[in-house]
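J.: predicted model and sequence follow; I will ask about them next.
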Amino acid sequence: MTGAGLPVIERQEVPAWRLIATLGGAGGLAGFLLVFVFGWTQPIIQAYKAEQLRLAVQEVLKAPDHYDTLYVFDGTVTRALPAGQDPSSVEQIYLGYRDTGDEIGFALAADRAGFQDKIRIIFGYDRASRSVLGMKVLESKETPGLGDKIEKDSSFVAQFDGAVVPLIGVKPRKSTGDVHEIDVITGATISSQTIVKIINETLERLGPMIDTYAPTRVAEGTL
């Protein structure tokens, strides 16, 4: 007892090994949970992305009956990769067909830095007419209300249907109605011009390979 009549509480020292063991155990448990959650959710995320890509291919190729997955490898477009080559490690494009076996066009996905961040799109391309069949934004973090109009403004998106490459982005007031022109969005000029650049640059790079690709048989495809 102290002079004030209160008991003296002795402070007990916690051994260092116990603190280390406690922190180590907590850290190990947290790490295990992270790995477990990642392993559990990753297949779900990948399946969702695959389904969204399938729907996007359907959209930009105008609902093909079936399509082939092709690979850009060693300077060519090919349907089969060498043994041991991981398909996920190479660029993929998609060739759509009608139920008659006639070719519709190619769906190509690509990205480029926009105003805020990377913009990723997929677009359909008819090599016979050298025209775009459709365009869809896959990923974008552009400014809400302005830059995001590249995916929400239906009149802007609709312009790509039938536009002939190379595309030319023009301000609406300067549009002449040329088949190459795409009216950019006022207030989102950089974002909308980025879409035009992605398509032009992708076809400049892959166009020659696509033009020389010759299917050896009617595609089986997957939907």
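T.: Done, it's in.
J.: any low-confidence regions in the chain?
T.: 1-12, 14, 36-38, 40, 216-223 (pLDDT under 70).
J.: let's see that with 80 instead.
T.: 1-43, 46, 216-223 (pLDDT under 80).
J.: mind checking how far the longest strand belonging to it is from the chain centre?
T.: Scanning the chain for the longest strand, with DSSP state E as the assignment, gives strand 103-113. Chain-centre distance of strand 103-113: 10 Å, with CA atoms, centre = their mean, to the nearest Å.
J.: so which bits of that strand are buried?
T.: The neighbour-count check on strand 103-113 (16 or more other CB atoms under 10 Å) flags 103, 104, 105, 106, 107, 108, 109, 110, 111 as buried. Where C-beta positions appear, they are placed from N, C-alpha and C, glycine not excepted.
J.: try stretch 170-184
T.: So for stretch 170-184, counting by 16+ other CB under 10 Å, buried means 170, 181, 182, 183, 184.
J.: parallel or antiparallel, which strands does the helix or strand hosting the third one pair with?
T.: Going back to what we said before, that points to residue 182. Using DSSP states H and E, residue 182 sits within strand 181-183. With DSSP bridges as the test, strand 181-183 is paired with strand 168-170 (parallel).
J.: next one: the partner strand to chain centre, how far?
T.: 23 Å.
J.: do stretch 158-170 as well
T.: That offset, for stretch 158-170, works out to 21 Å (CA atoms, centre = their mean).
J.: what's the closest non-adjacent residue to residue 131?
T.: residue 164 (4.9 Å; CB to CB, 6 or more residues apart in numbering).
J.: for the one you found, what are its contacts?
T.: Residue 164 is in contact with 129, 130, 131, 132, 179, 180, counting by CB atoms under 8 Å, 6 or more residues apart in numbering.
J.: farthest-separated two in those?
T.: 129 and 180 (12.7 Å; CB to CB).
J.: do you know how far residue 13 is from residue 19?
T.: Between residue 13 and residue 19 the computed distance is 11 Å (CB to CB, to the nearest Å).
J.: neighbour count: these two, which is higher?
T.: residue 19 (10 against 5; other CB atoms under 10 Å).
J.: got phi/psi on the more buried one?
T.: Phi and psi for residue 19, reported as degrees, to the nearest 10, are phi -60, psi -40.
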